[in-house]
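A.B. asks: need a structure here:
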Amino acid sequence: MTSKDPSYTWHLSLRADRPVEGCAVRPHAYLYSKKIDERDETTTNTGNSGSNSRSLQHSKKSRDPIPNHEFSFRWFRGPRQESCAYEDCPRRTSFSPHDWSKHALGGGYSLQCISTQSSLYKATFCNSNCFVQAWKTQYTVPKYGDFGNARGGSSVGGSVVDDDARSIGSVGSYASSNGESTNGRRKMGKNCKNQYNYQQSNADDSSYPGSSSVAPASAPGTPKGLHNYPSFNDFGASAFDTEYAFQQAEEWVEITRDQIYIPIAEDVGRKLKLECAAYSTDTGELLMHRVVKTDLVLSRAPDPEKRNLVTVKGGSGSGGGGARFRMVTYNLLAEIYATQQQYPYCDFWALSWDYRFQNILREIIDVCPDVICMQEVQADHYESHIYNALSDIGFEGVYKQKTRQSMGLAGKVDGCALFWRRTKFHLVESYSIEFNELAQRQATQVLGMNPRSEECVSYLNRLSKDNIAQLVVLELAQPTLATRTNRDPINQLCIANTHLYSNKDFPDVKLWQTWQLLQELETFVVSRGSNLPLMICGDFNSTPDTAVYDLLSRQAVHPGHPDVNMNVGEDGSSATNILPDPMSITHSFQLGSVYNTVMGEEPRATNYTVNFKGVLDYLW
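C.D. replies: Numbers count the residues shown, from 1 in each chain. Okay, the predicted model is just below:
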């Protein structure tokens, strides 16, 4: 490799969320470069690596790394399509997300017949059963020469020209040497008279079926360099492909050039096409571009049933004469954790962050709280729309992300958020607590460990889990005035919001975190006078039979509790003892669970999944 040879490969990754009516579809565009390795170059040149040839479809070589850049987007609405070519399929005319979850194969993947001599050529089916039933009625048609007329210009459930398979810049959408194409759908074998084969769709950055890179020739006001896209022939496609691709292009209508698009009723049953171009922020030069299609837009999912609030009259504390306020706490389930691997029984649309947040926001509006505590709030979501959405309905808030770094791209890390209604409270003080920092201080300053000793390293490894807590002092926007019966009214409130470590095999760590949080709160509250009320909210990842619950509710932990006698580690070895003598794990607050106070017992569940159903979240 000489100095004039390219030193980097540039790659453009582009995907879009599964579209559901009323839920925002967010492009995920990522332009990155890789240093060229001579060994990889040799492999690519010999043509022995199919995966390399696929990756080249959305790569280009350059002597320089990728410069600072920005993206521009265009969204298009496609022609209406049937979801399944089998006439008796219940999903043929239904785009209900619930129906699709029931009948979808692998979360909504489709199958497509690619036998050019079959009347079902390019017809799509929602599952193998529908294909088998439809195959019984198929017949042989003339060969390639009379391709268009044999099918009347279109195929059942699809279009003549599968521009899904003619993408410029969509991984998994390229023409192979044997004339077949791989386009993100399962493909039926070419000679499929009595047998068929299919391959599963890739779930990488082109997990949505197909794409087309040809913009309409008369697209108005094409942004920046998009109108200068290379032709299909520049990428090795035939003139026949190009002719039909331009015929199909007119069926796509541009709908917006905003980055985010919210599908409407007119989009249901159609695909959306997303064009993305990356430009140098310094020169305006078009660096790379790519086009992908989404799957069919599904209709709006029905709203979850409204949950009724449980209220109590004449309970303890109801007649104190102080200010009244309403408070809620939610673990939002950050998008980075809402995966099909973790929740295989949930379809994509149900795991969609926008769909779930709409439901949460709807419930928040219905409940009309004055204070909101949230856990697993993804940093980029807080910045992009959680804060704005709550600000628009009258809330102000603060955010603290976990101690660890992002999971990949910036903002892909979760944390805690605390909001208050502006007309009810003003912020007086705001602090954050990092348990990693408390562990470091406990080891070196309290226990006197040598930071380089094996004992200290083991102690910190056990405790450093990146969890955090928030602490705020709020003051009533309309303070209560002193009266004869209430000479010293309480106008301020201290609220703590936390999310403890989730691993069920680390109850000692959760207990230590709870104990340290209470120690910090005691120091804080006492320093500001004993007349400052306190509430502690959050996801404690602890059921009512744990030492964490005992400590919060009873001010102490029984020395014989299993959680304070952790003797065996994950690998069977002796676990590092991180807890002090159980008799010293105490606090002075008089705390009670709100659930237990109102209902007389804890609820059946605050966390409900296939693998676990129980109470993990509390307000104290």
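A.B. asks: from now on I want contacts and neighbour counts done on CA atoms only, so please keep to that.
C.D. replies: Noted.
A.B. asks: run through this protein and note the low-pLDDT ranges.
C.D. replies: Low-confidence regions of the chain, defined by pLDDT under 70, span residues 1-6, 38-57, 103-109, 143-250, 314-321, 405-410, 481-488, 530, 567-575.
A.B. asks: find the residue at the geometric middle of it.
C.D. replies: Closest to where the C-alpha atoms of the chain average out (Cα atoms, centre = their mean) is residue 335, at 2.2 Å.
A.B. asks: secondary structure element holding residue 94?
C.D. replies: Assigned by DSSP states H and E, residue 94 falls within no helix or strand.
A.B. asks: for it, give its distance to residue 465.
C.D. replies: Here residue 94 is placed at a distance of 46 Å from residue 465 (Cα to Cα, to the nearest Å).
A.B. asks: ok so, going back, if I look at the residue nearest to the centre of the chain, how far off is residue 360?
C.D. replies: 14 Å.
A.B. asks: same check, this time on residue 459
C.D. replies: Distance of residue 459 to residue 360, given as Cα to Cα: 39 Å.
A.B. asks: surely residue 271 meets residue 77?
C.D. replies: Yes. Counting by Cα atoms under 8 Å, residue 271 does reach residue 77; the two are 6.4 Å apart.
A.B. asks: picking that back up, the more surrounded of residue 94 and residue 465?
C.D. replies: Shown here are residue 94 and residue 465; by other Cα atoms under 10 Å, residue 465 has more neighbours (21 against 17).
A.B. asks: contact partners for the more buried one?
C.D. replies: Neighbour list for residue 465: 435, 436, 501 [criterion: Cα atoms under 8 Å, 6 or more residues apart in numbering].
A.B. asks: and the residues you listed as TSV, adding distance to residue 382 and secondary structure?
C.D. replies: Shown next, in TSV, are those (distance: Cα to Cα, whole Å; DSSP: H, G, I helix; E, B strand; the rest coil):
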residue	distance to residue 382	secondary structure
435	22	helix
436	23	helix
501	21	coil
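A.B. asks: and the longest helix belonging to the chain, C-alpha only, in CSV?
C.D. replies: With secondary structure taken from DSSP state H, the chain has its longest helix at helix 507-527. The C-alpha atoms that make up helix 507-527 are tabulated as CSV, following Å, rounded to 0.1, in the frame of the first residue of the first chain:
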residue,chain,number,x,y,z
PRO,A,507,-28.5,-8.3,47.6
ASP,A,508,-25.6,-7.1,49.8
VAL,A,509,-24.7,-4.4,47.2
LYS,A,510,-28.4,-3.1,47.2
LEU,A,511,-28.4,-3.1,51.0
TRP,A,512,-25.1,-1.2,51.1
GLN,A,513,-26.4,1.3,48.6
THR,A,514,-29.6,1.8,50.6
TRP,A,515,-27.7,2.3,53.8
GLN,A,516,-25.3,4.8,52.3
LEU,A,517,-28.2,6.7,50.7
LEU,A,518,-29.9,7.0,54.1
GLN,A,519,-26.6,8.1,55.7
GLU,A,520,-26.3,10.9,53.2
LEU,A,521,-29.9,11.9,53.6
GLU,A,522,-29.6,12.0,57.4
THR,A,523,-26.5,14.3,57.2
PHE,A,524,-28.3,16.5,54.7
VAL,A,525,-31.7,16.8,56.5
VAL,A,526,-30.2,17.3,59.9
SER,A,527,-27.9,20.1,58.6
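A.B. asks: what does the helix or strand following that helix rub up against?
C.D. replies: As assigned by DSSP H and E, the chain's next helix or strand after helix 507-527 is strand 534-539. Strand 534-539 has contacts (Cα under 8 Å, 6+ apart) with 329-331, 373-375, 493-500, 616-620.
A.B. asks: give me phi/psi at residue 592?
C.D. replies: Reported as degrees, to the nearest 10, the phi and psi values for residue 592 are phi -140, psi 140.
A.B. asks: surely it and residue 602 touch.
C.D. replies: No. Using Cα under 8 Å, residue 592 is not in contact with residue 602, being 11.2 Å away.
A.B. asks: where's residue 78, which helix or strand?
C.D. replies: For residue 78, the element it lies in under DSSP H and E is strand 69-80.
A.B. asks: so what secondary structure elements neighbour that strand?
C.D. replies: Strand 69-80 sits against strand 253-256, strand 270-280, with contacts defined as 3 or more Cα pairs under 8 Å, 6 or more residues apart in numbering; DSSP states H and E.
A.B. asks: need those in a markdown table (columns: distance to residue 386).
C.D. replies: Formatted as a markdown table, those follow (distance: least, Cα to Cα, whole Å):
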| stretch | distance to residue 386 |
| --- | --- |
| strand 253-256 | 23 |
| strand 270-280 | 25 |
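A.B. asks: deepest in the core, which of those is it.
C.D. replies: Of all the helices and strands packed on strand 69-80, strand 270-280 has the most neighbours on average by mean count of other Cα atoms under 10 Å, namely a mean of 23.
A.B. asks: can you list the strands that that one pairs with?
C.D. replies: Strand 270-280 pairs in its sheet with strand 69-80 (antiparallel), strand 286-293 (antiparallel), by DSSP bridges.
A.B. asks: roughly how far apart are the nearest residue to residue 275 once chain neighbours are set aside and residue 34?
C.D. replies: Once flanking residues are discounted, residue 275 sits nearest to residue 291: 4.5 Å by Cα to Cα, 6 or more residues apart in numbering. Distance of residue 291 to residue 34, computed by Cα to Cα: 22 Å.
A.B. asks: the two: which is more packed in?
C.D. replies: More crowded of residue 291 and residue 34, by other Cα under 10 Å: residue 291, with 24 against 13.
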